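> model this:
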Amino acid sequence: MSAKDIFHEIVKQALEKENWVVTHDQLKLKFGNVNFQIDLGAERVLAAQRVGEKIAVEIKSFFNPSAITDFYAALGQFLSYRLAIEAIEPDRILYMAVPLDTYRTFFQFEFTQTAIERYQVLLIV
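Predicted structure coming up:
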């Protein structure tokens, strides 16, 4: 079992506060011979439509002195996870959770915004 991110419980509580039901406190997937462990899996039933939404959330702290190094790792991991989810659970949407201070600084850079847009990274802040 991999170590939980420092913001793991905060993100979990925030999802629950927004009426998400955390179904997996580590969503484990296997794609071919590769095992993946995404931080959280959650579902929400929309009463009006009676259709459920499923998400997966990968939580990132960005504590490395070099935010770009953390971003390289986070983006690579995110894209790998999304590839696996699309193959195994195509009805589940992947998000990346990042701390507010990182979003207000590093994620405002032109490069970061361009990468987020190009690779269609959905964020939870």
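
> Okay, and E16 sits in which element?
Per DSSP states H and E, E16 falls inside helix 8-17.

> repeat for S61
Following DSSP H and E, one finds S61 outside all helices and strands.

> got the residue ranges for the helices in this structure?
8-17, 67-88, 100-104, 110-118 (DSSP state H).

> tell me which strands and helices the first one is in contact with?
Think helix 8-17. Packing contacts for helix 8-17, counted by 3 or more C-beta pairs under 8 Å, 6 or more residues apart in numbering; DSSP states H and E, involve strand 21-24, strand 40-46, strand 51-59. Backbone N, C-alpha and C define where each C-beta goes, glycine included.

> May I see the buried residues of that helix?
Using 16 or more other C-beta atoms under 10 Å as the burial criterion, the residues of helix 8-17 that qualify are 8, 11-12, 15.

> likewise the second one?
Of the residues in helix 67-88, those buried under the neighbour-count criterion (16+ other C-beta under 10 Å) are 67, 70-71, 74-75, 78, 81-82, 84-85.

> now this protein, which segments are flagged as low pLDDT?
Residues of the chain meeting the criterion pLDDT under 70: 1-5, 46-51.

> one more time with 50
The model of the chain has pLDDT under 50 over residues 1.

> Could you look over the helices and strands packed on helix 8-17 and pick the most buried one?
Most buried of the helices and strands packed on helix 8-17, by mean neighbour count (mean count of other C-beta atoms under 10 Å): strand 51-59, with a mean of 19.

> Packing partners of it?
Using 3+ C-beta pairs under 8 Å, 6+ apart as the contact definition, the elements that strand 51-59 packs against are helix 8-17, strand 34-38, strand 40-46, helix 67-88, strand 92-97.

> What strands line up against it, and which way round?
Applying DSSP bridges, strand 51-59 is found paired with strand 40-46 (antiparallel), strand 92-97 (parallel).

> ok, back up a step: show me which of the buried residues of helix 67-88 is closest to L100.
Within those, proximity to L100 (C-beta to C-beta) peaks at A67, which comes in at 14.0 Å.

> Surely the closest one is in contact with F106?
Yes. Using C-beta atoms under 8 Å, A67 is in contact with F106, at 4.2 Å.

> bridging residues for L40?
Applying DSSP bridges, one finds that L40 bridges with V57.
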